[in-house]
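K.L.:
this is a predicted model, with the sequence first.
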Amino acid sequence: MSQLTVAKFGGTSVVDAYAMHRCATILEQNPDTRLAVLSASSGVTNILVALASGENQPSARATLLQQLTDIQQGILNSLDKPETLTRHIEDILIHIKELADSAAISPTKALHDEIVAQGELMSTRLFVELLRHRGTPAVWFDVRKVMRTDDRFSRATPDMATLQAEVEKELKPLFDNQLVVTQGFIGAAQDGRTTTLGRGGSDFSAALLAEALEATAVQIWTDVAGIYTTDPRLVSGARPLSEISFSEASEMATFGAKVLHPATLQPAVRKQIPVFVGSSKEPQAGGTWIRNSTESQPLFRALALRRNQVLLTLTNQSMFQVHGFLAEVFGILAKHKISVDLITTSVISVSLTLDSGAESLTDEVRAELDKHCHLQVEEGLALVALIGNRMNEVNGIGTQVFKALAEVNVRMICYGASSHNLCFLIPEDNAEQVLNDLHAELLPE
Ligand code: ADP
Ligand code: ASP
Ligand code: MG
């Protein structure tokens, strides 16, 4: 089978012209890479989100627009301001201003995604020009032609069958003797309106495109040299992992390791495509390969942390020996598209965590739940996930883990459903200390 790599570059990797040149070198050194998937330059999506959220002070909007312009101009200047591209970027910036003015009057979900998507549209335009400047043939491709989604703005779900068909028709024919550069994170609903896949969604885009292309590898180029034993920003002793399995990495991503968007590995698993994570700042440092199976299967591989957890406890005094209560409760949550992560039960209550935050518990949801049970909502919690192998088969895991947590109020524990994880909730204020203590105890050098 001929080799085909899809390379994704995150926000810090394309933050300015200097960083973009490093990405260009990575691409030029690997002729197997045919498709580059880019995020917006670091900081841009946050500015666009602020503009899209209906910032109604004209002066605040002007400041945000100026910050945006500075980032784009910085890159354009290093390219000697090519005329057509400069005009194009200026047009996009004017378009963003007009959209932001509309959002200030009446913010809508569709407008939000149209504004937020402009970051990826600009970074890819600039990067294609930079590649051409370097003599590398490259073509810009609007991913919305192939990444068709539902119309759930901000959290759209791609339609895989359409992606597959459109990639065949629209994308593959462009691969002859040139690199194709496209956007992560964005898509289009069936009626053509722009959608986005959720924050950090460019990793997911790259994996979906790789699946549709039947690629032989996906590279996620970011600001760290691979997946570490835990977030290296929080634990100084964290170490890069040379390998990790799809199952373990999926758990890590789901439970908060920001280095991968939680959905990224689903397409890779479906087509068994190995995923490499490395640093575009120091590609020579190597990185992590994520594959179906790994050479080593350590009992403890890594720790992940997810903040801002909401714990919902639903109590019904007459739940004892009555059937149907859980079905009622989960039915309500499902109807409102609220996804549940962790669950524990007692005789008369069930506790669960919601990743979507307290705002998903609207008055309507609360009123419906109130009809069936008493509702208690706790915030200010963090979820810690210990990731490894055969964890539900080995004696004494609990003693090892909870020894390091002797001083902490552990609010909830989930263990046993998977051989790959043990999760628990603790007060958010203790999170960093707990992560450091557990790392020292369970993942020593
Ligand atoms: P990008 O913009 O390239 O998508 P992100 O900021 O989304 O990059 O992800 C990279 C960041 O993920 C790192 O800077 C690091 O702080 C964080 N991170 C969290 N957990 C881990 C981990 N286990 N290994 C590596 N990085 C992690
Ligand atoms: N630019 C988007 C974000 O900041 C998508 C991504 O970077 O993956 O969330
Ligand atoms: Mg990311």
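P.N.:
On my side now, so go ahead. Ligands and ions are numbered 1, 2, ... in the order given.

K.L.:
may I see the buried residues of stretch 75-92?
P.N.:
I75, L76, S78, L79, L85, T86, H88, I89, I92 (16 or more other C-beta atoms under 10 Å). Yep, even glycine has a C-beta here, placed from its N, CA and C like the rest.

K.L.:
kindly report the same for stretch 230-240.
P.N.:
By 16+ other C-beta under 10 Å, the buried positions in stretch 230-240 come out as T230, D231, P232, V235, A238, P240.

K.L.:
Three-state assignment for the residue nearest to H88 when sequence neighbours are not counted, please.
P.N.:
Computed as C-beta to C-beta, 6 or more residues apart in numbering, the closest residue to H88 that is not its neighbour in sequence is R125, at 6.1 Å. What DSSP: H, G, I helix; E, B strand; the rest coil gives for R125 is helix.

K.L.:
ok so, going back, include distance to A206, pLDDT and secondary structure when you put the buried residues of stretch 230-240 into TSV, please.
P.N.:
Listed next are the buried residues of stretch 230-240 as TSV, based on distance: C-beta to C-beta, whole Å; pLDDT from 0 to 100; DSSP: H, G, I helix; E, B strand; the rest coil:
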residue	distance to A206	pLDDT	secondary structure
T230	24	98	coil
D231	21	97	coil
P232	22	97	coil
V235	27	97	coil
A238	24	98	coil
P240	20	97	strand
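
K.L.:
which one of the residues you listed sits closest to ligand 2?
P.N.:
D231 (16.9 Å; C-beta to the nearest ligand atom).

K.L.:
and the closest one, backbone torsions?
P.N.:
Per-residue torsions, D231: phi -60, psi 110 (degrees, to the nearest 10).

K.L.:
same question, the one 3 residues further on
P.N.:
Backbone geometry at L234, expressed as degrees, to the nearest 10, gives phi -100, psi -30.

K.L.:
gap between P158 and ligand 3?
P.N.:
Applying C-beta to the ion, to the nearest Å, the value for P158 to ligand 3 is 17 Å.

K.L.:
cool, and V410?
P.N.:
29 Å.

K.L.:
tell me, how many residues neighbour that residue?
P.N.:
Using other C-beta atoms under 10 Å, V410 has 15 neighbouring residues.

K.L.:
for F246, same thing?
P.N.:
20.

K.L.:
contacts only, for it.
P.N.:
L265, A268, V269, I290, R291, N292 (C-beta atoms under 8 Å, 6 or more residues apart in numbering).

K.L.:
who's in contact with the closest residue to the first one other than its chain neighbours?
P.N.:
Same thing as L265. Leaving aside its sequence neighbours, L265 sits nearest to S250 (C-beta to C-beta, 6+ apart; 4.7 Å). Contacts for S250 (C-beta under 8 Å, 6+ apart) come out as P262, L265, Q266, V269.

K.L.:
name the nearest of those relative to ligand 3.
P.N.:
Ligand 3 has its nearest neighbour among the contacts of S250 in P262, at 10.8 Å by C-beta to the ion.

K.L.:
break down the protein into its helices, ranges please.
P.N.:
Under the criterion DSSP state H, the chain contains helices at 17-29, 44-52, 58-78, 83-105, 109-116, 118-133, 160-166, 202-213, 246-254, 265-271, 325-335, 363-370, 397-403, 431-442.
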